[in-house]
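[1] Test case, fold it:
(one chain, ligands or ions: 1)
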Amino acid sequence: GGDDSGSGSDSGSGSDKIVLGFSQVGAESGWRTANTKSIQDSAKEAGIELKFSDAQQKQENQIKAIRSYIQQKVDIIAFSPVVESGWDTVLKEAKDAKIPVILTDRAVDSTDTSLYKTFIGSDFVEEGKKAGDWLVKEYTGKTETVNIVELQGTTGSAPANDRKKGFGDVIAADPKFKVIASQTGDFTRAKGKEVMEAFLKANPDIDVLYAHNDDMGLGAIEAIEGAGKKPGVDIKIITVDAVKDGMQALADGKINYIVECSPLLGPQLMDLVEKVHAGETVPARVVTEETTFTQEQAKAVLPSRQY
Ligand code: AHR
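    Numbers count the residues shown, from 1 in each chain. Sure, this is the predicted structure:
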């Protein structure tokens, strides 16, 4: 069975498929597109009925979607919270309705961890640290000031908060590293370009760009080229994600280093959905495994890169 013939909430469809309501952040980046595909493909593969909604980077839309999943009495709710704060009320509503919640990709700052069953996703602080580690190595033995600009992800989101912190903590050890400008580019290419243009106008002497994702870095590359400078050479660029377009720019020498963040969370998520549905205990935290890429490594893996 499994046919969903419209919006009627019939309880007796004869299908014993698990129904999963998933509220996605949006479609802001290449990473997000790959993540959505991974979730849709693996739900299909696992025989899980997926109700999917796109919140267009707005928390109010996610809260609405979650409330609608509660009303529809789905078996499980999973979501990737656009920002960290402000979830307690709606999560409490899900709990009262006895619908288990799984967090994917991004964390919430709720102190009551009984509001969700598990959280699967990357360690974003670690990603920021890896970006900082590369920079420290790159400038070993040099004493001159290194002027850094930072393109932050969506304001209030876990990856923006944590990638800023991890990076900041590492570079704080050496006062030659100076973050001279830091602003949000909302994880999009268009905003990355726009904000980088403003950075370039205000600061004639930028040495390094740290962008919280590939898309903003790719937008910034357009701005840098537009200003007559060479990305990767005049301004060194570090990004996070390692989606195909980012890896291509890395292989082309326009980005210098990428910290990987894997969007392929679907299979592990469906596994957790099945276990939670069966009443099995699951780990409170599942951390995604990921690596880093230099320009040489990007050239080597690019032909087989899936997304
Ligand atoms: O939450 C993960 C982040 O969200 C990705 O790094 C970014 O590209 C996406 O928009």
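[2] Okay, the residue in the stretch 51-200 of the chain positioned nearest to the ligand and Ala211: tell me how far apart.
    The minimum distance from the stretch 51-200 of the chain to the ligand, using CB to the nearest ligand atom, falls at Phe187 (3.7 Å). Bear in mind the C-beta positions are built from the backbone N, C-alpha and C, glycine included. To Ala211, Phe187 is 9 Å away according to CB to CB, to the nearest Å.
[3] Would you mind giving both backbone torsions of the residue of the stretch 51-200 of the chain closest to the ligand?
    Phe187 has phi and psi values of phi 70, psi 10 when expressed as degrees, to the nearest 10.
[4] before we move on, what SS does the closest residue to Ala46 other than its chain neighbours have?
    In space, and not counting its chain neighbours, Ala46 is closest to Met270: 4.1 Å by CB to CB, 6 or more residues apart in numbering. Per DSSP: H, G, I helix; E, B strand; the rest coil, the local secondary structure of Met270 is helix.
[5] tell me the contacts of Met270?
    With contact taken as CB atoms under 8 Å, 6 or more residues apart in numbering, Met270 is in contact with 42-43, 45-46, 48.
[6] gap between the strand or helix carrying Glu60 and the chain center?
    Per DSSP states H and E, Glu60 falls inside helix 59-71. Helix 59-71 has its C-alpha centroid displaced from the chain centroid by 20 Å (CA atoms, centre = their mean, to the nearest Å).
[7] And that helix, what does it pack against?
    When contacts are defined as 3 or more CB pairs under 8 Å, 6 or more residues apart in numbering; DSSP states H and E, helix 59-71 sits against strand 19-24, strand 49-54, strand 76-79, helix 88-96.
[8] mind putting the ones you listed in TSV, distance to Tyr307 included?
    Output for the helices and strands packed on helix 59-71, formatted as TSV (distance: least, CB to CB, whole Å):
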stretch	distance to Tyr307
strand 19-24	16
strand 49-54	18
strand 76-79	20
helix 88-96	30
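[9] so of those, which one's packed in deepest?
    Highest mean neighbour count among the helices and strands packed on helix 59-71 (mean count of other CB atoms under 10 Å): strand 76-79, with a mean of 27.
[10] could you dump it to PDB, C-alpha only?
    The C-alpha coordinates for strand 76-79 follow below in PDB (Å, rounded to 0.1, in the frame of the first residue of the first chain):
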ATOM      1  CA  ILE A  76       7.800  10.200  14.400                       C
ATOM      2  CA  ILE A  77       8.800  13.800  13.800                       C
ATOM      3  CA  ALA A  78      12.300  14.700  12.700                       C
ATOM      4  CA  PHE A  79      13.600  18.200  11.900                       C
END
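[11] helices and strands around it, which ones?
    Where contact means 3+ CB pairs under 8 Å, 6+ apart, strand 76-79 is packed against strand 19-24, helix 59-71, strand 101-104, helix 266-277.
[12] Need the mean per-residue confidence for that strand.
    Per-region confidence: strand 76-79 scores 98 on mean pLDDT.
[13] Direction included, what does it pair against?
    Next to strand 76-79 in the sheet, as set by DSSP bridges, lie strand 19-24 (parallel), strand 101-104 (parallel).
[14] For Lys130, which of those strands is the nearest?
    Nearest of the strands paired with strand 76-79 to Lys130, taken as CB to CB: strand 101-104 at 21.5 Å.
[15] Can you confirm whether that closest one lies near the ligand?
    No - Strand 101-104 lies apart from the ligand when judged by CB under 6 Å from any ligand atom; the minimum separation is 9.3 Å.
[16] just how off-centre is that strand within its chain?
    Worked out by CA atoms, centre = their mean, strand 101-104 lies 14 Å from the chain centre.
[17] do the same with stretch 281-299
    12 Å.
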